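Undergrad: Quick one, structure for this:
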Amino acid sequence: YWFCRHTDDIVDEAMSQDVARTELEDWAQEVAAALATGTSSHPVLRLFVDAVQKHGIPSEYPMALIEGMRMDVRCTRYRTFEELRVFCYRVASVVGLMMSHVIGFRGSPLGYATDLGIAMQLTNILRDIGEDLGRGRIYLPSEELKQYGYSSDELRTHVRNDAFRQLMQFQIARAREYYERAMPGIEMLNREGRFAVRVAAEVYREILRSIEESDYDVFEQRAVVPAVTKYWLTARCMAMPVMRSSLRKLVARRA
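TA: All right, here's what the predicted structure looks like:
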C-alpha cells in the first residue's frame, strides 16, 4: 500500500508538472536500484522490497506503475479507449496483480485481476470527471466524445444534455462489463484475502449506480456509496460462501 500510495502522491501532490516529473524520475531510479539489489535505505522501499522477495512479485509490475504515473504527468487527453486502457492497466491493474501475489492464488487469476483493475480505474475516472477537469485532465477518449456528439468545451462547462447522458451510459456499461469479466477470478484467490477483494469490487461497482441515480451529475457532486449500502454489500459478501457451501451439501445429500 505505501509503495503505491507514495508513487501516486509524487504526481498528485507536486507543486508543478516539472517538479512531478523530476521527483518521479528520481523515484524510478531508487525503485529500480532497490529491485536490483534487494535493499534500500528508503523506509517505504525497504518494506516493499521485502514484500517483493517474500511473495515473488515480478519487478515489471512496480515499474509499470511508475510508467503509468509518467503517462499521467505528460498526458492530459486520451484519443482512443485503447490508449486509456493502457493507462488503466499501468495505474490500477498492476496494483491488483501485485496484491494477487501477496494474497496467493490457484489457477490463473491474473487476467481477471487485470480486468478488475481496469473496471475500478474506469469507475474512478467517471466519478472524478469534475475534479479532473479542475486539474486540466480529460480522461474520456476524445474519439468517443466525438462519436456521441459531445464536445470538450461542453464538458469543461459542465453541460449535461442527452448526448452527455448517452456517452455516460456507454462508459458505465463498459465498466460493468469489465467487472463481470473479473469476478470469477476472485474465487481463485486464497480464502484469507478474497473477501476483501470481493467487497472492494462490489462497493466500487455500486459507485456506477450512484452516478446514474444523480442523473450523471459528476460535475457538482462526487458519487459516494452510503454507509448502509456498504454494510449491506459486506454482509452479502460474507453470506455468499456460506450459501454456496450449504447448496453443495444439499446437492450432495440428494445425489
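Undergrad: In contact with the closest residue to residue 176 other than its chain neighbours, which residues?
TA: Nearest non-adjacent residue to residue 176, counting by Cβ to Cβ, 6 or more residues apart in numbering: residue 208, 6.4 Å away. Yep, even glycine has a C-beta here, placed from its N, CA and C like the rest. If a contact means Cβ atoms under 8 Å, 6 or more residues apart in numbering, then residue 208 has 123, 126, 172, 175-176 as its contacts.
Undergrad: Ok, residue 204 next?
TA: Contacts of residue 204 (Cβ under 8 Å, 6+ apart): 119-120, 123.
Undergrad: Serialize those to JSON lines and add fields for neighbour count, distance to residue 198 and pLDDT.
TA: JSON lines is the format used below for those (neighbours: other Cβ atoms under 10 Å; distance: Cβ to Cβ, whole Å; pLDDT from 0 to 100):
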{"residue": "119", "neighbour count": "28", "distance to residue 198": "13", "pLDDT": "97"}
{"residue": "120", "neighbour count": "25", "distance to residue 198": "13", "pLDDT": "96"}
{"residue": "123", "neighbour count": "26", "distance to residue 198": "16", "pLDDT": "97"}
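Undergrad: Surely residue 32 is in contact with residue 62?
TA: No - the criterion here is Cβ atoms under 8 Å, and residue 32 misses it with residue 62 at 9.1 Å.
Undergrad: Those two - which one has more neighbours?
TA: Taking neighbours as other Cβ atoms under 10 Å, residue 32 and residue 62 compare with residue 62 leading, 25 against 14.
Undergrad: Please, where are all the helices along the stretch 101-250 of the chain?
TA: Using DSSP state H, counting those that start in this stretch, the helices of the stretch 101-250 of the chain run over residues 110-127, 129-134, 142-147, 152-156, 162-182, 191-213, 227-254.
Undergrad: do you know which of those lies nearest residue 54?
TA: Ranking the helices of the stretch 101-250 of the chain by distance to residue 54, with Cβ to Cβ as the measure, places helix 191-213 first at 14.6 Å.
Undergrad: which helices and strands does the helix or strand harbouring residue 94 pack with?
TA: Using DSSP states H and E, residue 94 maps to helix 94-103. Where contact means 3 or more Cβ pairs under 8 Å, 6 or more residues apart in numbering; DSSP states H and E, helix 94-103 is packed against helix 43-55, helix 60-74, helix 110-127, helix 191-213.
Undergrad: got TSV for the ones you listed, with distance to residue 156 too?
TA: What follows is the helices and strands packed on helix 94-103, written out as TSV (distance: least, Cβ to Cβ, whole Å):
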stretch	distance to residue 156
helix 43-55	37
helix 60-74	19
helix 110-127	16
helix 191-213	19
